[in-house]
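Student: Next input, structure requested:
(2 chains)
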Amino acid sequence: MSAWWHLTKKELRLGLPAFLLILITFAVILGVVSYIGYRAGFLWEAATIVSVLALGGHIFYLAYYLLYSLEKERKKLHLWLHNPQPGYALLLAKIAAGLITLIVSMLIIGTLLLISFNLAENFHQMEWSHSTQLAVFGILHIMMLSVNIAVYFIFFWMIFLLINRFTNGFFSFILTLIIFLISMSLYGWFMETTVYEALTMWGEINLLNILSGFEFNFSSDAFMAEFDTMPLYLGNYVFEASVTVLLFLAASWLLDRKVEV
Amino acid sequence: MIKLDNVSKKFMTKYALRDVNLELTNGKIIGLVGENGSGKSTTLKLIAGLIRPSQGMITINGVQAHRQIASQVSYLSELDEYYGFYNVGQTIDFFATQFPDFSRDKAEQIRSFMQLERNAKLKHLSKGNRGRLKIVLTLSRDVPVILMDEPLSGLDPMVRDSIVKSLISFIDLEKQVVLITTHEVREVEMILDEVIAIKDGQIIGHHNVDQLRAEKNMGIVEWMAEAYE
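Tutor: Predicted coordinates for the structure are as follows:
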């Protein structure tokens, strides 16, 4: 555990530029959009919209963070892989470091969102109970999706490293992309089947009970967004979680048994 | 003991190693010599479990080599890649956390012998000092197998001399076997117990250095010249 934690601290240090780049990019975009919004008289509304989009974009954060970290490691694979810890521990250290920075990044942007939202006079204030529910629902799903996408990324990165043994980086990337597209097409086809339905469409969750009556209106009433009855199934969550775990185990196995320096 | 049993390694259609059989016993410093591309680095990576044989088996003290054999093997790569955000001391500390057999005291001794500043940033280190740091990190582990891939390559004579001296001073030959690849045969000749010559992925000779001198009245360089003819 101690060795793993020290490895995670190294991963945090290795991934620091990726984390900072996201915050700097957000600050720059926020600054530009806020300035334009300020000139148009909608400073806080503009800041709110940028913050919401940035928070939503965090579903790709972990994959981006791992891309940076694993690419850095690719240049010194002998250093990363010459370690007595199992492959899953090496990968979990990277995911843990990514999750820590994901939470920090979401906290910073989420705080700015809260401030700007409360100062945005053109947005009617939502009832706190509903906005809290939405925030929890949204944050949880952003984090779950971020981990889900990240594990898919790690799996295909391992495929990329395998192919990279035989050919150069560019062709490895192209071949991995082709394998990814074929896999996703097959997965898409599988999602249309009754087997997939049987596996996922059970344990219906009524979203309206969670976000009952949630709605927000602009003052003009010209725009209204409502959550309607979105079908959510517990089966879907269990299925995706199972696929994520299996892909992670497969990636760890590939790292231990197939990836070469 | 390191044992390679009928080991071949193929990259696509090209053999990097072919039908290699070797037994390397503890208590020796063994030189693996050969031309560029002859299979020296491949042999070390195979023993370190960083690549896998296409055929045959490698064992270290009876355990089949795999990636996690790193717990028994200290591997020094020919590459000069380290985590540039650390300084020398932080790199040593990080290694100490990753390998339970890593001795901080020994690392400090070797670092001081090598005259490396603890606070020196890795990205500012000269090639010579990076070479010295690799030696610190590799020799500070209490493991049965030490693998060193070209530890003297591209270094000036003073650095090479300090590395060779550290090999004599900081290796526990009662427990450890050291396999070292090098082009600088003359520099390490006096510390080698055995020498293995490799050519086109095949072992073309494996000798005890003292026997070579006594029986054939040859140094390693002369023997290599003969073997490569």
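Student: where does chain A dip in pLDDT?
Tutor: Scanning chain A for pLDDT under 70 picks out A:1, A:124-130, A:207-230.
Student: Return the residues of it in contact with chain B.
Tutor: If contact is defined as CB under 8 Å from any CB of the partner chain, the residues of chain A in contact with chain B are A:2-3, A:6-7, A:10, A:13-14, A:16, A:75-79, A:81-87, A:165-166, A:255-257, A:260-261. All C-beta spots, glycine's among them, are computed from the backbone N, C-alpha and C.
Student: can you tell me the helix or strand for the most centrally placed residue in chain B?
Tutor: With the centre of chain B defined as its mean C-alpha position, the nearest residue by CA atoms, centre = their mean is B:Met148, 1.7 Å away. Take DSSP states H and E as the rule and B:Met148 turns out to sit in strand B:145-149.
Student: need the residues of chain B near chain A, please.
Tutor: Applying the criterion CB under 8 Å from any CB, the portion of chain B that neighbours chain A consists of B:11-12, B:45, B:48, B:50-52, B:66-68, B:70-71, B:75, B:77, B:79, B:81-83, B:85-86, B:94, B:97-100.
Student: Kindly recompute the last result at 7 Å.
Tutor: Taking CB under 7 Å from any CB of the partner chain, the part of chain B that reaches chain A is made up of B:12, B:45, B:48, B:50-52, B:67-68, B:70-71, B:75, B:77, B:79, B:81-83, B:85, B:94, B:97-99.
Student: Need the buried ones from those residues selected in ChimeraX.
Tutor: Buried residues among the residues of chain B next to chain A (16 or more other CB atoms under 10 Å in any protein chain shown), as a ChimeraX selection:
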select /B:45,48,50,51,52,67,68,70,75,77,79,82,83,94,97,98,99
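Student: Restricted to strands, list the residues of chain B next to chain A.
Tutor: In this view, these that belong to strands under DSSP state E are B:Tyr75.
Student: Take the residues of chain B next to chain A and keep only those in helices.
Tutor: Cross-referencing these against helices under DSSP state H gives B:45, B:94, B:97-98.
Student: Among those residues, which one sits closest to chain A?
Tutor: Chain A has its nearest neighbour among those in B:Thr97, at 3.6 Å by CB to the nearest CB.
Student: Just give the nearest non-adjacent residue to the closest one, would you?
Tutor: A:His6 (3.6 Å; CB to CB, 6 or more residues apart in numbering or on different chains).
Student: what about the one you found, neighbour count?
Tutor: When counting by other CB atoms under 10 Å in any protein chain shown, one arrives at 17 neighbours for A:His6.
Student: For the helix or strand it falls within, which helices and strands make contact with it?
Tutor: Here A:His6, judged by DSSP H and E, is contained in helix A:2-40. For helix A:2-40, the helices and strands in contact under the criterion 3 or more CB pairs under 7 Å, 6 or more residues apart in numbering or on different chains; DSSP states H and E are helix A:43-56, helix A:61-74, helix A:87-119, helix B:88-98.
Student: Return the list of helices and strands in contact with the helix or strand that the last one is followed by.
Tutor: Just to be clear, that refers to helix B:88-98. Using DSSP H and E, the helix or strand that follows helix B:88-98 towards the C-terminus is helix B:104-113. In this structure, helix B:104-113 makes packing contacts with helix B:88-98, helix B:127-139, helix B:157-170, judged by 3+ CB pairs under 7 Å, 6+ apart.
Student: Pull out the buried residues from helix B:104-113.
Tutor: Buried residues in helix B:104-113, defined by neighbour count with 16+ other CB under 10 Å: B:106-107, B:109-111, B:113.
Student: A:Leu90 and A:His82: what is the separation?
Tutor: 11 Å (CB to CB, to the nearest Å).
Student: what comes up buried for the one helix or strand A:His141 maps to?
Tutor: Mapping A:His141 onto the secondary structure by DSSP H and E places it in helix A:128-164. Going by neighbour count (16+ other CB under 10 Å), the buried part of helix A:128-164 is A:130, A:133-134, A:139, A:142-143, A:145-164.
Student: what's across from the nearest residue to B:Val143 once chain neighbours are set aside in the sheet?
Tutor: Of all residues beyond its chain neighbours, the one nearest B:Val143 is B:Ser74 (4.8 Å), with distances taken as CB to CB, 6+ apart. As for beta bridges, B:Ser74 partners with B:Ile146 under DSSP bridges.
Student: show me the contacts for residue 10.
Tutor: Since no chain was named, I'll use chain A. B:83, B:94 (CB atoms under 7 Å, 6 or more residues apart in numbering or on different chains).
Student: The chain in question should be chain B.
Tutor: Taking CB under 7 Å, 6+ apart as the definition of contact, the neighbours of B:Lys10 are B:Ser54.
Student: these two touch, right, A:Leu77 and A:Leu255?
Tutor: No - proximity of A:Leu77 to A:Leu255 does not meet the contact threshold set by CB atoms under 7 Å, at 10.1 Å.
Student: where does the nearest residue to B:Thr25 once chain neighbours are set aside land on pLDDT?
Tutor: Of all residues not flanking B:Thr25 in the chain, B:Met1 sits nearest, at 5.3 Å (CB to CB, 6+ apart). For B:Met1, the model assigns a pLDDT of 90.
Student: Just give me the neighbour total for B:Met1.
Tutor: Look at B:Met1: counted by other CB under 10 Å, it has 13 neighbours.
Student: With A:Leu92 as the reference, measure out to it.
Tutor: Counting by CB to CB, the separation of B:Met1 from A:Leu92 is 34 Å.
Student: what do you get for A:Gln85?
Tutor: Looking at A:Gln85 against A:Leu92, where the rule is CB to CB, the gap reads 9 Å.
Student: Roughly how far does the residue nearest to B:Thr97 sit from A:Leu77?
Tutor: A:His6 is 20 Å from A:Leu77, where distance means CB to CB.
Student: Also A:Tyr61?
Tutor: Distance check for A:Tyr61 against A:Leu77: by CB to CB, it reads 24 Å.
Student: Drop anything exposed from the residues of chain A next to chain B.
Tutor: With neighbours counted by 16+ other CB under 10 Å, those contain buried members at A:3, A:6-7, A:10, A:14, A:76-79, A:81-87, A:255-256, A:260-261.
Student: Sort out which residues of stretch B:218-229 are buried, please.
Tutor: By neighbour count, and taking 16+ other CB under 10 Å as the criterion, the buried residues in stretch B:218-229 are B:218-220, B:223-224, B:227.
Student: Please state the offset of that stretch from the chain centre?
Tutor: Put simply, stretch B:218-229 sits 21 Å off its chain's centre (CA atoms, centre = their mean, to the nearest Å).
Student: what does stretch A:187-199 give?
Tutor: The chain centroid and the centroid of stretch A:187-199 are separated by 24 Å, computed with CA atoms, centre = their mean.
Student: can you tell me the distance between the two ends of it?
Tutor: 14 Å (CA to CA, to the nearest Å).
Student: next one: stretch B:178-195
Tutor: Distance across stretch B:178-195, first residue to last, is 11 Å (CA to CA).
Student: Now do that stretch: everything it contacts.
Tutor: Stretch B:178-195 is contacted from outside by B:24, B:28-33, B:40-41, B:44, B:146-153, B:160, B:164, B:167-168, B:171, B:206-209, B:219-221, B:224, using CB under 7 Å, 6+ apart.
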